[in-house]
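**Q** Mind looking at a prediction? Sequence and model below.
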Amino acid sequence: MVLKSKSIFPFLLILLVLLSSCMEEGIQAPDNSKSPDEDAHLEMVASPVPERTLSICLGDEPDSLFLYGDQSTSATIIRQAIYDSPVDQVDFQYSSALLEDIPSQENGLVIVVPVEVHPGDKIVDSKGNLTILASGVEYRPSECSSLDCLSTFQYQTPVILDQVEIRFPIKTGIKWADGTQLTAVDSEFSYWVARDLYGSGGPRKIRYTSSYTIEDENTIVWKGVPGFLGINSYPEYFFSPLPQHLLADLTLDEIVNSESTSRQPLSWGPYRITEWILGDHITLVKNENYQLNSEGLPAFDSLVFRFVDGGEEALAAYFSGECAVVANEPGLFDYFQEIEIRQQEGDLNIVYVEGDAWEQISFGINSLDSKRVLLEESRTRQAITQCINREAISEQRMDAGSVIESFFIPSDPRVDAQSAGNPYQPEAAMDLLEQVGWIDHDQDPDSARIAQDIKDVKDGTPFQLILLAAGVTDIHSSALLIQQDLQYCGIEVQIDILPASELLAPGPEGPIFGRQFDLALFAWAAGSYQYCRLFMTDEIPGIYPAYLKGWGGVNAPGFSSDDFDAACSLVITNLPDSPVAQDAVKGLISTFEDGLPVVPLFFRRQVIVTRPELTGFENGVYDLFWNIETVQ
């Protein structure tokens, strides 16, 4: 809803006229004169400090605010105000409002313990997959951190595997909004609710958990499935608390769907919910028991989350004064130029949050269509990458971050900033195409190059490709730029626009994951997984058992490299702060840039529009509104 301003000038004019006429008719004002004695008894009363309200417009309304309910961006944003996210990661640095320290091997909160495992027990195999210990299973024995010491289980005797233990020390003195102390019991209770809710097929943090127990009143101990060391982030395995004292006697259905958990969940963060008007807004006020109240936080007395429909309504709400902040509204991208102009004029501030999704162009390297063989040569893929002006694509899209050379965000400390990658250099790319055997036979820039002496490609074959993309305006404009750039290099490209549901459907029907394409422009959603898994040989989709993952494999290009597989295996089967994993990342990037299963473009970013005077919003890599309590 957008508020409409109404002028009060006529009312003030009438009021002034009435006051004037009253005085003219001799109406006397009350006598407020006092004697000197009365003055001695007067008390000074401080004027009340006006409450400060921050109004935030969001692009959609959540269905539920229950911790394991709606996982939409809007729900996650609002939960930041209720729960003060247990662990925040800002520009790859961790901090926590709930934990005394962030677990690591260095501080001793993460340890590896050898455990005995018997046939039939659940383990994680040498490739990081959950399985049962049985004959023929390849596993990593205890203290083995390379690919040279793997073993295959053959005998019905116990083996020794490594098990990771993570301790999460919870700060003392933190209270729920009702005054009840928050303890490790609440986190353990949250784990059991999640486990009962999701079952064995739940999120990774549940599937790879062996136990989650209380060590003392303020310490939780997580233990992983034996053999599991491929942890992307230690804090990921902490379960955000739920109020055990309120929910323990409820059924699972009541916990998930009751009004008290879905509409007004009990807070331990800076704000608590007081009102939810469906279809309009949610109001939150300061939590009187918030741990940082003594430090003057949160800065605002109340928050109002309003819901808008589209970029036009969001901007109207902003400029009418109804909202001081607009977030999670993709429709803002339609007004990119107008928003930039208003920022230059000082009317608003634009904040970019990186890392929303990884956008790339997949190559159909190993297609199931025997006629699609033009992209098997890595030098051809390198030339195509150098032909595409990725900077131009990024600049014409508001949701595009800076150009990347792999699947790591540029600010990731694991990435070598000196890496040259494959920059835009079409002249060098055309020379490379000539070396491969793609000849400009007629010197006509409007015609496609043809093949000459290229392995598995018939001489005279024109260099013609089909680019698949989803039917979204920004994506379509990017596809047109790609088409133009490749045309300049002598590569003819036809663009096929398909509905996203059809484009990304599982194989064998889906063109991408059915491996029936030349080029495909799409994005991989950000998540708690290593992107290198997307290009491992055992992730190539196809008919089982020839392809181990069947049509559930995600390596749509069909890329296969022993060096890449080895580097990725080390990354996903060793602890993230181990020297082995850190060294493996360097090899991973190198083999990726050499093999180029895709053209890496950029990470999509989210946009927040704020009042220029508001502080606490900065560009970076983080979860939206992670510091809502300090915004002022």
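**A** Alright, I've got the coordinates.

**Q** okay, CA-based contacts and neighbour counts for the rest of this
**A** OK.

**Q** What sits closest to residue 619 if chain neighbours are left out?
**A** Sequence neighbours aside, residue 352 is the residue nearest to residue 619 in space, at 4.9 Å (criterion: C-alpha to C-alpha, 6 or more residues apart in numbering).

**Q** Now do the helices in the stretch 501-632 of the chain.
**A** Per DSSP state H, counting those that start in this stretch, the stretch 501-632 of the chain carries helices over the ranges 562-572, 579-595.

**Q** Most tightly packed of these?
**A** Neighbour counts (mean count of other C-alpha atoms under 10 Å) averaged over each of those peak at helix 562-572, with a mean of 21.

**Q** so that one versus helix 579-595, what angle?
**A** If you take axes from the mean of the first three to the mean of the last three C-alpha atoms, to 10 degrees, helix 562-572 sits at 150 degrees to helix 579-595.

**Q** rewinding a little: what's the local residue count around the residue nearest to residue 619?
**A** 20 (other C-alpha atoms under 10 Å).

**Q** Do me a favour and average the pLDDT over the host helix or strand of it.
**A** Assessed by DSSP states H and E, residue 352 sits inside strand 349-363. Averaging pLDDT along strand 349-363 gives 95.

**Q** May I have it exported as PDB, CA atoms only?
**A** Coordinates of the C-alpha atoms in strand 349-363 are reproduced here as PDB (Å, rounded to 0.1, in the frame of the first residue of the first chain):
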ATOM      1  CA  ASN A 349      21.500   5.800  -1.900                       C
ATOM      2  CA  ILE A 350      22.100   2.500  -3.700                       C
ATOM      3  CA  VAL A 351      23.600  -0.400  -1.800                       C
ATOM      4  CA  TYR A 352      24.800  -3.500  -3.600                       C
ATOM      5  CA  VAL A 353      25.000  -6.900  -1.800                       C
ATOM      6  CA  GLU A 354      27.100  -9.400  -3.800                       C
ATOM      7  CA  GLY A 355      26.900 -13.100  -4.200                       C
ATOM      8  CA  ASP A 356      23.200 -13.800  -4.800                       C
ATOM      9  CA  ALA A 357      23.800 -16.300  -7.700                       C
ATOM     10  CA  TRP A 358      26.600 -17.300 -10.100                       C
ATOM     11  CA  GLU A 359      25.800 -16.500 -13.700                       C
ATOM     12  CA  GLN A 360      27.700 -18.200 -16.500                       C
ATOM     13  CA  ILE A 361      27.400 -19.600 -20.000                       C
ATOM     14  CA  SER A 362      27.700 -23.400 -20.100                       C
ATOM     15  CA  PHE A 363      29.500 -25.100 -23.000                       C
END
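
**Q** Can you name every helix or strand that it contacts?
**A** Applying 3 or more C-alpha pairs under 8 Å, 6 or more residues apart in numbering; DSSP states H and E, one finds that strand 349-363 contacts helix 336-344, strand 519-525, strand 598-610.

**Q** Do I have it right that residue 80 meets residue 625?
**A** Yes: using C-alpha atoms under 8 Å, residue 80 is in contact with residue 625, at 6.5 Å.

**Q** With mean pLDDT and distance to residue 52 added, can I get the helices of the stretch 501-632 of the chain in CSV?
**A** Listed next are those as CSV, based on pLDDT from 0 to 100; distance: least, C-alpha to C-alpha, whole Å:
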stretch, mean pLDDT, distance to residue 52
helix 562-572, 94, 47
helix 579-595, 92, 47
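
**Q** Residue 375: which of those is closest?
**A** Counting by C-alpha to C-alpha, residue 375 lies closest to helix 579-595 out of these; the figure is 11.4 Å.

**Q** how distant is that closest one from the center of its chain?
**A** Between the centre of helix 579-595 and the centre of its chain there are 23 Å (C-alpha atoms, centre = their mean, to the nearest Å).

**Q** and if you look at stretch 55-68?
**A** Offset of stretch 55-68 from its chain centre (C-alpha atoms, centre = their mean): 16 Å.

**Q** tell me which residues in that stretch are buried?
**A** 55, 56, 57, 58, 59, 60, 61, 62, 64, 65, 66, 67 (16 or more other C-alpha atoms under 10 Å).

**Q** Strands - which of the residues you listed land there?
**A** Judged by DSSP state E, the buried residues of stretch 55-68 include 55, 56, 57, 58 as members of strands.

**Q** Quick one: the residues you listed as TSV, columns for pLDDT too.
**A** Output for these, formatted as TSV (pLDDT from 0 to 100):
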residue	pLDDT
55	98
56	98
57	98
58	98
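
**Q** Pick the one among those residues closest to residue 115.
**A** Of those, the one sitting nearest to residue 115 (C-alpha to C-alpha) turns out to be residue 58, at 48.7 Å.

**Q** residues touching the closest one, list them.
**A** By C-alpha atoms under 8 Å, 6 or more residues apart in numbering, the contact set of residue 58 is 74, 305, 306, 307, 308, 326, 327, 328, 329.
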